[in-house]
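Participant: Next comes the sequence, and after it the predicted model I'd like to discuss.
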Amino acid sequence: MERGPKGEMTVSAPDVLRNRRKGEQDPVAFGSTFVRSEAFKAMFREGMALIESTAAYLDGRGRDEARRLSRPVALAYTTESMRLTTRLMQIASWLLVQRAVAQGEITPAQAASERSRVGLTEQSLAVSPGEFDLLPEPLRDMIGLSLRLHARMMHLDALIGRGAPASAVRASPVAMQQWLIRSAFTPVGRPHVDPSREAGA
């Protein structure tokens, strides 16, 4: 409770949130909230920039560097560059679907159907660590960046698919942002700390 401009007692937003019945679902879906956030916009820019720089490398400098590799390393280069391209296609598809939701071009239900077609799958290196270390440094860097970004997307996709806990949405904006960041880097299956507890809600 708080006092209004004329001294009258009013009900504040936090009071309303605290007084929700236990277990009641918040009407704001996690997916719709996230795709309209600055965090998603930053991820979109990061993903598209990586796709553009990788394409430029593979079509230019990468071709020249690949010609100078020994046969075994050249085979590793071909294998990992193909996997990198496939991974980036998944990344681009996922990002474009989520942006379409944010811009109102498709509904969350349609996005769920599209996500099933995109089919984000676990990603890893196909070559041994020793072979990977012999690849050109720019390619190694792009592979590493793509793997980390893809892992973040897989985790977020799982959260969007099942929806964030109602307590997460009821938490303070700061706690919600902290929860989003932590969720993006926490492996699927590991329990998350309820942000409402951190916020003292």
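Facilitator: Right, received. Where do you want to start?

Participant: use CA for all of it now, contacts and neighbours both
Facilitator: Will do.

Participant: Give me the residues contacting the helix or strand containing residue 66.
Facilitator: Using DSSP states H and E, the element containing residue 66 is helix 61-67. Residues from elsewhere that reach helix 61-67 (CA atoms under 8 Å, 6 or more residues apart in numbering): 57, 74, 77, 136, 139.

Participant: Just the CA atoms of that helix, as CSV, please.
Facilitator: Only the C-alpha atoms of helix 61-67 are listed here, as CSV (Å, rounded to 0.1, in the frame of the first residue of the first chain):
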residue,chain,number,x,y,z
ARG,A,61,40.4,-16.0,-47.2
GLY,A,62,39.3,-19.5,-46.0
ARG,A,63,39.6,-20.9,-49.5
ASP,A,64,43.2,-19.8,-49.8
GLU,A,65,44.1,-21.1,-46.3
ALA,A,66,42.5,-24.4,-47.0
ARG,A,67,44.6,-25.0,-50.1
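
Participant: Please point out which parts of it sit buried.
Facilitator: Neighbour counts over helix 61-67 (16 or more other CA atoms under 10 Å) mark 62, 66 as buried.

Participant: what's near enough to touch the closest residue to residue 91 other than its chain neighbours?
Facilitator: Once flanking residues are discounted, residue 91 sits nearest to residue 150: 6.4 Å by CA to CA, 6 or more residues apart in numbering. By CA under 8 Å, 6+ apart, the residues touching residue 150 are 87, 91, 123.

Participant: still on that earlier bit, and the contacts of helix 61-67, which two are furthest apart?
Facilitator: Distances among these were taken as CA to CA; the most separated pair is 57 and 74, at 15.7 Å.

Participant: quick one on the thing from earlier: dihedrals phi and psi, the residue nearest to residue 91?
Facilitator: phi -60, psi -40 (degrees, to the nearest 10).

Participant: gap between it and residue 74?
Facilitator: 25 Å (CA to CA, to the nearest Å).
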